[in-house]
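Undergrad: Any chance you can model this:
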Amino acid sequence: MKIKWNLRTKLMVIFLAVCLVPVGIVSWISIENLSTLNAQSQQLYEHNVLTMKKLDDMKGDLINMNLHFNDFIFGGYLNRSVSLLAQDLSAMETSRQNFATKLLEYHDLTLENDTVLSNMLVAQHGENLIDEELKALSDVEYYFYQYDSQRVAAKNAATTIGVNQSTVFGFVYNASKNYSRCANAIEEILSIRAEVARLAAVEAATIYQQNILGILIGLAIITAAIIIAAFIIAKKTTEPLVEIAAIADDIQKGNLSPRIDLEESTDEVGQMVGSFKKMVESTFAPIHQLKTTAETVAMGDLSKDIELEAKGDIQKLVVSFEMMLNSLREIVSDVRETSSLVSSTSDNLASISEEMNATTEEVSTAIQKIAAGAQHQAEKIKEIVKIVGDQLTSVEQVVSSSESAADASTKASEVAQKGGDSAQLALQKMREIQAVVDGATEIVRKLGERTKEIHQIVNVITNIAQQTNLLALNAAIEAARAGEHGRGFAVVADEVRKLAEGSGRAAAQISVLVDQIDTETRKAVEQMESGAKDVATGATVIDTALASLEDIAATIEETAAMVQEITAATEEQKASAEKIVKAVDEVAKIAEDTSAAAEQTAISTESLTASMQEMTSSAQELARLAALMQSSVERFILPPPEIFKKEKRIAEVPPATEAKEKEPEQVSSSKAEKPPAPKEEKKFRFKKPKKENAKDKSEKKEE
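TA: Just a heads-up that it's a prediction; the model follows:
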């Protein structure tokens with residue numbers, strides 16, 4: 001059966017190996033030390049306590065022997081019966097035999113012969129106790145045998161007839177003295193044995209301390225081993241986690257190209273490392289592609305498409321980015337077409353303005369000629385006044401002057417005819433200019449409407465960015481719920497949120513640009529409307545000039561009729577001289593009116609010229625705005641028309657997208673629409689004065 005070396009199995013094996021081995025070693029050392037302590041305690045009991053008991057028994061036997069000896073001497077010998085004396089002697093002999101036997105046995109139990117106690121004394125620096133014990137044992141033997149010999153001598157002296165008591169008591173005294181010395185020697189041996197017991201206790205305490213020290217050392221070794229093993233386990237376990245945390249921190253700081261060099265193992269940490277690698281690869285590959293596409297778009301290249309596969313919210317982000325890219329392509333294409341149309345319209349307007357300037361100059365020249373004709377007419381009228389003054393003296397001169405006046409009237413009629421034609425042409429050009437200005441105004445208004453549609457598209461982009469931001473916020477909340485496992489996804493959600501905010505800011509910038517275009521368009525519309533008003537004013541002035549010219553023509557006709565009447569009524573010159581003078585005054589007044597009308601027409605022509613100049617400057621400003629718009633969109637590179645197709649990645653198309661698809665049709669329809677042709681105005685023609693026949697002259701004479 002193959003063991004699965006996952007993280008739990010590794011931790012259990014390492015923990016058991018770290019804990020059981022040191023615990024076993026410490027336990028074995030403790031058991032050995034306790035065994036040694038137990039053996040020493042047993043040996044102390046066997047070799048020292050039993051020996052001390054034997055010494056105590058020897059001391060008791062010595063005391064019993066001395067007691068029975070005293071009873072025999074001081075009690076039984078003097079006062080007691082023979083049977084009691086025999087008992088004392090028997091007990092005394094028994095005690096002596098026991099003491100002698102135990103004394104011989106003690107020779108085998110001395111410290112010198114006890115290896116355990118001698119080694120202990122050597123270890124505790126108590127070697128002198130061995131010699132002291134041997135010396136004390138020698139004293140015990142010596143004094144015991146001295147005591148025993150004096151006792152036997154006293155007993156024999158006491159049981160021998162005729163021996164003095166003083167002799168007996170002398171032996172008793174010597175026996176008592178040796179008894180005391182023998183007992184003291186035994187006490188000394190007991191003291192030595194007590195010191196040996198104390199040293200054995202010290203040895204046991206030393207062994208106990210060594211055992212405690214060994215246990216503490218073992219515990220320290222176990223603790224160190226556990227710490228080292230824990231450090232190794234923590235290092236092996238946390239190194240990938242720390243590396244993953246560092247990579248996640250780099251991702252949180254904005255590094256979307258982290259380098260993951262972690263080795264994958266078969267345990268849970270290795271599985272997490274593999275899952276983290278797959279998550280980073282599957283998450284950041286689309287983001288890198290979107291970043292590359294965004295950089296390409298920022299450089300102005302809109303011809304590249306997004307070709308990548310993603311899932312979930314990343315797929316939604318990719319689809320939204322593709323929709324934004326298509327919308328931006330449509331906006332740039334529409335703005336480019338509109339700017340081209342505005343540029344061509346402004347060029348046409350400028351050329352028409354130049355033609356109107358030329359026509360206005362012609363009208364001004366014609367009016368100047370009219371003024372010169374009026375002045376010439378005034379001079380002729382002065383001549384007529386002179387002729388009227390001299391008509392009484394020379395009828396022929398009057399006739400000649402009348403003919404000259406007729407010729408002057410004819411010339412004036414021709415000049416007036418030319419002025420009328422020029423004014424009619426100027427009026428026609430003004431109406432053409434007005435039609436062109438109205439067409440340009442309509443185009444610019446449509447451009448303003450397109451800016452509103454662009455506003456709608458920008459609002460759609462802004463809504464998409466807000467929805468993406470909301471999705472990123474939801475993803476961050478879910479990642480926060482997931483804890484440590486969701487930290488990386490939280491970083492990804494934060495990056496998605498930053499991209500959404502960047503899209504929102506870009507949409508806001510586009511909205512600002514569109515607002516600027518809308519403002520400039522409105523200014524252009526206002527200027528064009530002002531130019532249209534000026535053109536209408538000029539047309540009105542020209543209509544007034546035409547009316548004045550008609551009046552001048554009528555006056556010239558009347559003047560011609562008067563001259564003819566003067567020619568026909570030469571015979572009645574004198575009678576009608578006053579009438580002629582009056583008529584001449586009226587003609588002078590009419591000439592003054594004609595001169596004033598000509599001056600007014602000249603002023604109106606100058607105003608019309610100024611209006612044309614303003615319209616020309618407006619057309620130039622419109623051309624400049626169109627060029628600025630064209631230069632703004634020229635940096636964008638669009639795909640070829642046959643490749644540039646609007647693909648729908650989702651089932652439902654927003655209304656803004658449908659509006660975008662209708663924009664080219666509106667542009668084409670606006671292109672197809674032509675300004676209405678101006679209605680043909682009837683040219684004004686001056687009627688030449690008819691030459692009166694003889695019948696008419698006779699009728700006038702009769703009148």
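Undergrad: Could you chop the chain up by domain?
TA: As assigned by automatic domain parsing, the chain contains the domains 40-220, 317-635+679-702.
Undergrad: Columns mean pLDDT and mean neighbour count on top of those domains, output as TSV?
TA: C-betas here are computed from N, CA, C, even on glycine. Shown next, in TSV, are those (pLDDT from 0 to 100; neighbours: other CB atoms under 10 Å):
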stretch	mean pLDDT	mean neighbour count
domain 40-220	76	17
domain 317-635+679-702	70	18
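Undergrad: mind checking which of these is nearest residue 226?
TA: Among these, domain 40-220 comes nearest to residue 226, with 10.2 Å by CB to CB.
Undergrad: What ranges does the stretch 201-350 of the chain have for its helices?
TA: Per DSSP state H, counting those that start in this stretch, the stretch 201-350 of the chain carries helices over the ranges 268-298, 312-390.
Undergrad: Next secondary structure element downstream of the helix or strand hosting residue 426?
TA: Per DSSP states H and E: residue 426 is located in helix 395-482. Per DSSP H and E, helix 395-482 leads on to helix 487-568 as the next helix or strand towards the C-terminus.
Undergrad: counting contacts, what elements does that following helix pack onto?
TA: Counting contacts by 3 or more CB pairs under 8 Å, 6 or more residues apart in numbering; DSSP states H and E, helix 487-568 packs against helix 165-252, helix 268-298, helix 312-390, helix 395-482, helix 577-634, helix 694-702.
Undergrad: Please tell me how far residue 248 sits from residue 499.
TA: 18 Å (CB to CB, to the nearest Å).
Undergrad: Just want the angle from the helix holding residue 426 to helix 487-568.
TA: Interaxial angle of helix 395-482 relative to helix 487-568 (axes from the mean of the first three to the mean of the last three CA atoms, to 10 degrees): 170 degrees.
Undergrad: on that earlier part again, using CSV, please lay out the domains of the chain together with distance to residue 297.
TA: What follows is the domains of the chain, written out as CSV (distance: least, CB to CB, whole Å):
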stretch, distance to residue 297
domain 40-220, 68
domain 317-635+679-702, 7
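Undergrad: Nearest to residue 276, out of those domains?
TA: domain 317-635+679-702 (6.5 Å).
Undergrad: Got the phi and psi for the nearest residue to residue 92 once chain neighbours are set aside?
TA: What sits nearest to residue 92 in space, not counting adjacent residues and going by CB to CB, 6 or more residues apart in numbering, is residue 68, at 3.9 Å. For residue 68, the backbone dihedrals (degrees, to the nearest 10) come out as phi -70, psi -30.
Undergrad: From what I see, residue 68 and residue 91 are in contact.
TA: Yes. Using CB atoms under 8 Å, residue 68 is in contact with residue 91, at 4.6 Å.
Undergrad: quick revisit: Throw the helices and strands packed on helix 487-568 into CSV and include distance to residue 97, thanks.
TA: Putting those into CSV (distance: least, CB to CB, whole Å) gives the following:
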stretch, distance to residue 97
helix 165-252, 16
helix 268-298, 87
helix 312-390, 111
helix 395-482, 98
helix 577-634, 139
helix 694-702, 214
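Undergrad: Of all the ones you listed, which one is nearest residue 27?
TA: Comparing these against residue 27 with CB to CB, the closest turns out to be helix 165-252 (8.2 Å).
Undergrad: Could you list every helix and strand in contact with that closest one?
TA: Helix 165-252 packs on helix 7-44, helix 50-70, helix 115-123, helix 128-159, helix 268-298, helix 487-568, going by 3+ CB pairs under 8 Å, 6+ apart.
Undergrad: and if we set it to 6 Å?
TA: Applying 3 or more CB pairs under 6 Å, 6 or more residues apart in numbering; DSSP states H and E, one finds that helix 165-252 makes contact with helix 7-44, helix 50-70, helix 128-159, helix 268-298, helix 487-568.
Undergrad: export these to JSON lines and tack on distance to residue 324?
TA: Converted to JSON lines, those look like this (distance: least, CB to CB, whole Å):
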{"stretch": "helix 7-44", "distance to residue 324": "46"}
{"stretch": "helix 50-70", "distance to residue 324": "106"}
{"stretch": "helix 128-159", "distance to residue 324": "106"}
{"stretch": "helix 268-298", "distance to residue 324": "9"}
{"stretch": "helix 487-568", "distance to residue 324": "7"}
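Undergrad: who wins for proximity to residue 355 among those?
TA: Ranking the helices and strands packed on helix 165-252 by distance to residue 355, with CB to CB as the measure, places helix 487-568 first at 12.8 Å.
Undergrad: before we move on, back to that, how about the domains of the chain, which one is nearest residue 238?
TA: The nearest among these, by CB to CB, is domain 317-635+679-702 at 12.2 Å.
Undergrad: Of all the domains of the chain, which one comes closest to residue 243?
TA: Per CB to CB, nearest to residue 243 of those: domain 317-635+679-702, 12.4 Å.
Undergrad: before we move on, back to that, right, so of the helices and strands packed on helix 487-568, which gets closest to residue 153?
TA: helix 165-252 (4.5 Å).
Undergrad: Return the angle between stretch directions for that closest one and helix 128-159.
TA: 160 degrees.
Undergrad: between helix 165-252 and helix 50-70, how many degrees?
TA: Angle of helix 165-252 versus helix 50-70, following the same axes, to 10 degrees, is 160 degrees.
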